[in-house]
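[1] The sequence and its predicted three-dimensional model are supplied below.
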Amino acid sequence: MGPENVTDLYRRRHSAGWRERLFRILNPPDLCLPDPAELKIDAPLGRWNLYIGGAGCFVDGYVNVDLFPLPGVTVAASAERLPFRSDLFQRVECDAVLEHVENPGAVVAEIGRVLSPGGYAHFVVPFCHPFHEYPRDYRRYTLDGLKQQAGGLEVVASGWRTGPTATLLVFVLEYVKAWLPWRPARVVAHGVLGWLVFPLRYLDVILRRSPRAGRIGNHCYVWARKNGQTATLRSAPSLSAPRGV
């Protein structure tokens with residue numbers, strides 16, 4: 001999948017055409033149920049905060065960086081070479097990005113560079129999850145692997161965003177669709193089967209408590225802190241394109 005395909009994917013997801021609108025109405029709920037404990041950490045927003053990989057999303061209080069100049073994107077740039085000065089952002093969100101970049105070490109190093117002393121970075125990556133290109137899909141992470149990838153940042157919290165049931169459901173859905181050579185049939189299968197099985201996702205509320213949940217966990221996360229004196233915090237406004245940062 002190249003840049004044109006990503007742009008086309010966004011267009012189809014947000015088109016005002018009747019087919020796309022009908023698809024969005026019939027689209028089942030997400031099969032992955034996030035663990036609310038992931039966000040229970042004292043990592044407040046600062047004057048400047050960075051969201052990496054949020055094309056199509058409008059995230060208040062963040063500078064939104066993605067490869068493509070799609071709606072919601074503040075700055076179109078590679079996460080491997082961020083166009084910002086060092087020690088600028090109090091909080092950096094890197095959600096489901098590292099599996100898509102050629103050099104994840106360079107991305108983490110850049111996040112560490114632009115993160116202010118005492119600031120926090122939040123990394124989320126898939127472990128057991130189907131192949132998905134945006135525009136490429138290179139790797140998967142164990143929780144230990146993600147902690148190691150954090151490099152010089154101090155890991156202060158870690159765990160599983162989505163659990164074993166999410167893994168089972170997304171793979172069942174992809175398995176069924178693999179038998180169907182025509183896109184309309186896959187769309188129908190995704191809708192029908194997705195609505196039938198999505199209530200099972202709530203089993204992860206129980207399974208996430210198991211010490212064995214990580215053996216087939218779906219997405220894992222790490223909160224990491226840049227050592228140094230904590231920067232002074234201010235309330236975070238809605239940000240437009242940053243100038244001179």
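    Received it, and whenever you're ready, just let me know what you need.
[2] Figure out the length between the terminal residues of stretch 26-34.
    22 Å (CA to CA, to the nearest Å).
[3] Compute the distance from the centre of that stretch to the centre of its chain.
    A distance of 15 Å separates the centroid of the chain from that of stretch 26-34, by CA atoms, centre = their mean, to the nearest Å.
[4] Touching that stretch from outside, list them.
    With contacts defined as CB atoms under 8 Å, 6 or more residues apart in numbering, stretch 26-34 is touched by 161-163, 165-166, 169-170, 173, 190-191, 194-195, 197-198, 201-202, 204-205, 218-219. Where you see a C-beta, it was placed from the backbone N, CA and C, and this is true even at glycine.
[5] if we go to 7 Å?
    With contacts defined as CB atoms under 7 Å, 6 or more residues apart in numbering, stretch 26-34 is touched by 161-162, 166, 169-170, 173, 191, 194-195, 198, 201-202, 204, 218.
[6] Show me the residue sitting in the middle of the protein in space.
    The structure's the chain has its C-alpha centroid closest to D95; by CA atoms, centre = their mean the separation is 2.6 Å.
[7] Just flag the most distant two among the contacts of stretch 26-34.
    Farthest pair in the contacts of stretch 26-34 (CB to CB) is R161 and G191. Separation: 24.5 Å.
[8] which is the next helix or strand following the lengthiest strand in the chain?
    With secondary structure taken from DSSP state E, the chain has its longest strand at strand 115-126. Heading C-terminal from strand 115-126, the first helix or strand you meet, by DSSP states H and E, is helix 143-149.
[9] Pull up the pairing partners for the next helix or strand after that following helix, direction included.
    Sequence order places strand 154-162 as the next helix or strand after helix 143-149, per DSSP H and E. Applying DSSP bridges, strand 154-162 is found paired with strand 219-225 (antiparallel).
[10] CA atoms only for the strand it pairs with - export them in PDB, please.
    This file holds the C-alpha atoms of strand 219-225, laid out as PDB (Å, rounded to 0.1, in the frame of the first residue of the first chain):
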ATOM      1  CA  HIS A 219      -1.900  -4.700  21.800                       C
ATOM      2  CA  CYS A 220       0.600  -3.800  24.600                       C
ATOM      3  CA  TYR A 221       1.600  -0.400  25.900                       C
ATOM      4  CA  VAL A 222       4.400   1.400  27.700                       C
ATOM      5  CA  TRP A 223       4.500   4.800  29.400                       C
ATOM      6  CA  ALA A 224       8.100   6.100  29.500                       C
ATOM      7  CA  ARG A 225       9.600   9.300  31.100                       C
END
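[11] what inclination does that strand have with respect to strand 115-126?
    Inter-element angle recorded for strand 219-225 and strand 115-126: 170 degrees (by axes from the mean of the first three to the mean of the last three CA atoms, to 10 degrees).
[12] So what's the gap between strand 219-225 and the chain middle?
    Distance of strand 219-225 from the chain centroid (CA atoms, centre = their mean) equals 11 Å.
[13] Give me the contact list for that strand.
    If you take CB under 7 Å, 6+ apart as the criterion, strand 219-225 is touched by 38, 41, 43, 120-127, 129, 141, 143, 146-147, 150, 153-162.
[14] Go ahead and confirm R113 touches L88.
    No - assessed by CB atoms under 7 Å, R113 is found out of contact with L88, at 9.2 Å.
[15] between these two, who's got more neighbours?
    Using other CB atoms under 10 Å as the criterion, R113 and L88 rank with L88 on top: 22 against 14.
[16] G105 versus the more buried one, what's the distance?
    From L88 over to G105 the distance is 21 Å, taken as CB to CB, to the nearest Å.
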